[in-house]
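Asker: I would like to see how this sequence folds:
(one chain, ligands or ions: 1)
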Amino acid sequence: MASVSIGNLNSAVRDVADFPKPGIVFKDITPLLQDGALFKAAVDRIAGPFQRKNITHVVSMESRGFIFGSPVAYLLNAGYVPIRKKGKLPHKTLAHTYNLEYGTDTLEIHADALDASSRVLIIDDVLATGGTANATCKLVENLKAKVAGLGFLIELEFLHGREKLRGYTVSSVLRY
Ligand code: AMP
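Answerer: Residues are numbered from 1 along each chain as shown. Below is the predicted model of the structure:
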């Protein structure tokens with residue numbers, strides 16, 4: 001099987017103008033996901049830098065974070081912990097509220113999901129402003145766990161999300 005290049009992955013991310021609102025260029029990853037070789041290559045490349053880093057848990061946020069977080073956990077032989085919007089997790093939760101461009105949003109994690117022995121890799125499809133990823137770091141750290149790194153398929157460099165993640169190891173496969 002021919003190997004998949006960064007160019008192949010790049011060509012399978014579709015720009016959709018003015019979605020979900022005017023002025024936003026949405027990075028649509030569904031063409032990449034629907035191709036088996038590309039999906040596998042994307043998961044392999046997201047996980048690559050974190051092999052042999054003793055990751056105990058992968059944490060990702062609903063909903064597109066789930067798509068990459070769980071296969072990365074499988075590859076790294078790590079546990080998987082979902083982060084969800086307020087009110088979706090059934091057991092006792094810990095919440096973190098953060099500011100959006102307009103208003104606020106609240107993410108939750110199960111209070112018993114991680115502890116001081118956990119070395120966590122946070123995964124999402126897109127790093128944009130970094131607000132979601134930063135809130136996720138806070139939830140992980142409030143459970144006394146260590147954030148060992150963050151991995152993304154796509155980084156929108158012009159939004160400077162990395163600045164909100166200073167001090168953490170951040171890796172991305174495709175950068176725009
Ligand atoms: P942010 O908190 O700004 O880093 O953005 C967080 C979430 O919004 C990510 O989980 C992405 O899934 C999504 N997102 C933000 N901007 C885009 C975009 N231009 N295209 C696709 N998804 C985006």
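Asker: Could you tell me how far the spatially most central residue of the chain is located from the ligand?
Answerer: Central residue check for the chain by CA atoms, centre = their mean: the C-alpha nearest the mean position is that of residue 124, 1.5 Å away. Residue 124 sits 5 Å away from the ligand when distances are taken as CB to the nearest ligand atom, to the nearest Å. For the C-beta atoms, the positions are set from N, CA and C on the backbone; glycine is no exception.
Asker: Next: residue 77.
Answerer: Taking CB to the nearest ligand atom as the measure, residue 77 and the ligand are separated by 25 Å.
Asker: next one: residue 128
Answerer: Look at residue 128 and the ligand: by CB to the nearest ligand atom, they are 3 Å apart.
Asker: ok, how many other residues are close to that residue?
Answerer: If you count neighbours by other CB atoms under 10 Å, residue 128 ends up with 18.
Asker: which residue packs closest to residue 68, ignoring adjacent ones?
Answerer: In this structure, residue 68 finds its nearest non-sequential neighbour in residue 123, 5.3 Å apart by CB to CB, 6 or more residues apart in numbering.
Asker: Next one: that neighbour from residue 113, what distance?
Answerer: As judged by CB to CB, to the nearest Å, residue 123 and residue 113 stand 15 Å apart.
Asker: Okay, and residue 136 sits in which element?
Answerer: The secondary structure element spanning residue 136 is helix 131-142 (assigned by DSSP states H and E).
Asker: Can you show me the CA trace of whichever helix or strand comes after that helix as PDB?
Answerer: Under the assignment DSSP H and E, the closest C-terminal helix or strand after helix 131-142 is strand 146-155. Taking C-alpha atoms only, strand 146-155 is exported to PDB below (Å, rounded to 0.1, in the frame of the first residue of the first chain):
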ATOM      1  CA  LYS A 146      -0.600  15.600  34.600                       C
ATOM      2  CA  VAL A 147      -1.100  16.900  31.100                       C
ATOM      3  CA  ALA A 148       1.700  15.100  29.200                       C
ATOM      4  CA  GLY A 149       0.800  16.700  25.900                       C
ATOM      5  CA  LEU A 150      -1.900  17.800  23.400                       C
ATOM      6  CA  GLY A 151      -2.300  16.500  19.900                       C
ATOM      7  CA  PHE A 152      -4.400  17.900  17.100                       C
ATOM      8  CA  LEU A 153      -5.000  17.000  13.400                       C
ATOM      9  CA  ILE A 154      -5.300  20.600  12.400                       C
ATOM     10  CA  GLU A 155      -3.800  23.800  13.900                       C
END
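Asker: Good, wrapping up.
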